[in-house]
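Novice: Fold the stuff below for me.
(chains A and B)
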Amino acid sequence: MRFLDREGLGSLLARLVAEGYELIGPTVRDGTIVLDRIEAVDDLPAGVGEVEGPGTYRLVRRDDRRVFGFAHGPDAGKRFLFPSSEVLGTIGRRNGHLTAPPAEAGAEGRRAFVGLRPCDLHAIEVQDRVFRGGPEPDAAYAARRDGAFVIGVNCTAPGGTCFCDSMGTGPVCTVGFDVALTELDHGFLATAGTARGGDLLEEAGSREATPGEAAEGHRLLANARVHMGRSLDTSDLPGLLYRNRRHPRWADVAERCLACGNCTSVCPTCFCHDVVDDVDLAGETATRVREWASCFSVEFSHTAGMEVRTSREARYRQWLTHKFASWIDQFGTSGCVGCGRCITWCPVGIDVTEEVAAIRADDGAVALEVGA
Amino acid sequence: MSAVQADARADGREAGAPARPRVAVFKLSSCDGCQLQLLDAEEALLELAGAVDIVLFREARGRSEPGPYDLAIVEGSISTPRQLEEIKEIRASARFLIAVGACALSGGIQALRNAVEYGDTVARVYPTPAYVRALATSTPVSDHVRVDLELPGCPVDRGQLLGALAALLGGHLPRRSTAPVCAECKRRGYVCVVVARGEPCLGPVTNTGCGAICPGMGRGCYGCFGPSQPPNVAALVRRFEELGDAPERARDRFRLITSSAPAFRDGLAASAGEPGRTEVTP
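Specialist: As a prediction, the model looks like this:
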């Protein structure tokens, strides 16, 4: 295990910038820690913490100068790897001929992600299965993914809505990073996940961590495990949800749910989208755009002239059952990484862990009718 | 055949020239803001003028040509006895009718009078109420005639209006999303004002299309695009109360630009009947 001081992290980031990477990292905007373009280590939110709960998020001042002393804001890697709006192609009509210039895959350039959390890294692996795991990989997504350099940060300050420990995705980075850090008072423990990450750690002036520093890292992460704001019993979740399709809790949550789709927008794995065509007034250029969509919208289930999930109850059940059950059938992994963003950023504070627990508490309250 | 492509009829145009759709822009009870979205469209207006004949647009040109029209764009609500006739004449003269803006879709801010006693209000506002020739209610265009397409907003969104016209000219149906403002807010990466600031916001129940302008400026949406997909008004009223609104204040947030939109009006009525609610009488 290596040790890197704050200055060392600064030179690592400067090195990435010099190599042409755009840095994407946590920074404070509008009272929130968002992921955005940063220039250097000074843009990280030093001394800023946060308090997260169902439907509420507030920044607080920490009594130290840690730059990763929080869990996460609303964004994960998704916003950058699967953009909320992306031009898929254009078709022009000139003098009676159609022209379709090829899309420029990966035109955005390479990005280095600074400070993604273990849950975020798992979420990227989940979206990889969706966008590049099948027989028709998404070329633009793959280019963005392959061009990315990832600095993961282990969680020492889990948030009030976090439950990665239950989902087996955190609080320690285990997949998908070039470099993983654990922040201590005076610097960072650092582990390389790739040879490239190892080289950069060397060049940035890291040294071997002392046994005391390594022990402090272990202590912080063990402590994080027992300070998760939420927990979820995941035993046979698919079976539980499939056999409780008629559970009264679905109607109960539908009465509280706004069907606004914020949970799906902030979910780092939700991938649903719409594809829309825009034509200019002259009728000469058509642009095809893919944009984030949500299964909470009525229009999302518009199929063959009608909507098939008209009730909020049906839409909430669809989302939650997909996330925790049918996602596993579809992609071989859970769709939930336990980040808790859907709880924090729900305007009315609906808590998935509470909804699942309520169904489990009354498992089989309404038996699934035979043949249904 | 496109919905608004011109009829091949003898209307005085040069023989042999391709028939261009005849477009008329009308205004009823409203502030002109929706028409301004067209008039202000700069280059796009020139493009539009290149694709259609704008034969009636009183805010833009002095000369108006009589119908029939291939497309009528109607701003404003039905608020006077004369407008009851006018909207029927417009409908009869137009093959395709688009109602634009909150007034035309739900009666507009002037529909606040629908919930109070009309005579009292006129007497309170005007020194000589006898001069006022108005209806007791302000109602949407669709209450009176068939409407082919509705575009919400106060004002209507220019991009959405031009997009709808482009689609119609191209011979396909315009896209009209019923998703809430939150969808747009999140796509743009705006921070949620409800969650991060505790600010009441109608975004979760309001139709998208505005570009999430208000949350983008750090304030709550006030619902000028009207209800989105069937909205859960009761749940949002409860949330506003949790955030510190008095019960009537929470409900009044739905009674502004689109107070007479049935989904808001009926949603408030249903929420009033919830057990355990205490109603405050003024």
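
Novice: Would you confirm that B:Tyr118 contacts B:Ala136?
Specialist: Yes. Counting by CB atoms under 8 Å, B:Ala136 is a contact partner of B:Tyr118 at 3.8 Å. (Each C-beta comes from the backbone N, C-alpha and C, glycine too.)

Novice: Mind telling me what element whatever residue of the stretch 1-150 of chain B ends up closest to chain A is part of?
Specialist: Closest contact between the stretch 1-150 of chain B and chain A, by CB to the nearest CB, is at B:Glu47 (4.4 Å). Taking DSSP states H and E as the definition, B:Glu47 sits inside helix B:43-51.

Novice: tell me the mean pLDDT for that helix?
Specialist: Mean pLDDT, helix B:43-51: 91.

Novice: and what of stretch B:31-39?
Specialist: 96.

Novice: do the same with stretch A:225-234
Specialist: The average pLDDT within stretch A:225-234 is 96.

Novice: Same question for stretch B:178-186.
Specialist: pLDDT averaged over stretch B:178-186 gives 97.

Novice: near chain A, anything from that stretch?
Specialist: Yes. Counting by CB under 8 Å from any CB of the partner chain, chain A has neighbours in stretch B:178-186: B:Thr178, B:Ala179, B:Pro180, B:Cys182, B:Ala183, B:Lys186.

Novice: distance between the strand ranked longest in chain A and the chain's centre?
Specialist: Longest strand in chain A, counting residues (DSSP state E): strand A:85-94. Chain-centre distance of strand A:85-94: 28 Å, with CA atoms, centre = their mean, to the nearest Å.

Novice: and if you look at stretch B:98-116?
Specialist: Using CA atoms, centre = their mean, the mean C-alpha position of stretch B:98-116 is found 8 Å from that of the whole chain.

Novice: Using PDB, write out the CA atom coordinates for it.
Specialist: Provided in PDB are the C-alpha atoms of stretch B:98-116 (Å, rounded to 0.1, in the frame of the first residue of the first chain):
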ATOM      1  CA  ILE B  98     -53.100  24.800 -32.400                       C
ATOM      2  CA  ALA B  99     -54.000  26.300 -29.000                       C
ATOM      3  CA  VAL B 100     -50.900  27.800 -27.400                       C
ATOM      4  CA  GLY B 101     -50.200  28.900 -23.900                       C
ATOM      5  CA  ALA B 102     -51.700  28.700 -20.400                       C
ATOM      6  CA  CYS B 103     -54.700  31.000 -21.300                       C
ATOM      7  CA  ALA B 104     -55.800  28.900 -24.300                       C
ATOM      8  CA  LEU B 105     -55.200  25.600 -22.500                       C
ATOM      9  CA  SER B 106     -56.800  26.300 -19.100                       C
ATOM     10  CA  GLY B 107     -58.100  29.800 -19.000                       C
ATOM     11  CA  GLY B 108     -54.900  31.500 -17.700                       C
ATOM     12  CA  ILE B 109     -54.400  33.700 -14.700                       C
ATOM     13  CA  GLN B 110     -57.700  35.400 -15.500                       C
ATOM     14  CA  ALA B 111     -59.400  32.100 -14.700                       C
ATOM     15  CA  LEU B 112     -58.800  33.000 -11.000                       C
ATOM     16  CA  ARG B 113     -62.200  34.700 -11.300                       C
ATOM     17  CA  ASN B 114     -63.800  31.300 -11.900                       C
ATOM     18  CA  ALA B 115     -63.600  30.400  -8.300                       C
ATOM     19  CA  VAL B 116     -65.100  33.700  -7.000                       C
END
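
Novice: on that earlier part again, spatially nearest residue to the residue of the stretch 1-150 of chain B closest to chain A, not counting backbone neighbours?
Specialist: With CB to CB, 6 or more residues apart in numbering or on different chains as the criterion, B:Glu47 has its nearest non-adjacent residue at 4.4 Å, and that residue is A:Leu281.

Novice: With B:Gly33 instead?
Specialist: Excluding the flanking residues, the one nearest B:Gly33 by CB to CB, 6+ apart is B:Pro155, at 3.8 Å.

Novice: now do A:Arg66
Specialist: A:Arg66 sits nearest to A:Glu183 (CB to CB, 6+ apart), 5.4 Å away.

Novice: Touching, the residue nearest to B:Gly33 and B:Leu38? I think so.
Specialist: No. Using CB under 8 Å, B:Pro155 makes no contact with B:Leu38, being 10.0 Å away.

Novice: where's the residue nearest to the spatial centre of chain A, which helix or strand?
Specialist: Chain A has A:Pro268 as the residue nearest its centroid, 2.4 Å off, counting by CA atoms, centre = their mean. Using DSSP H and E, A:Pro268 maps to neither a helix nor a strand.

Novice: Return the residues in contact with it.
Specialist: A:Ala76, A:Gly77, A:Lys78, A:Cys119, A:Asp120, A:Ala123, A:Ile124, A:Val126, A:Gln127, A:Val337, A:Cys339, A:Arg341 (CB atoms under 8 Å, 6 or more residues apart in numbering or on different chains).
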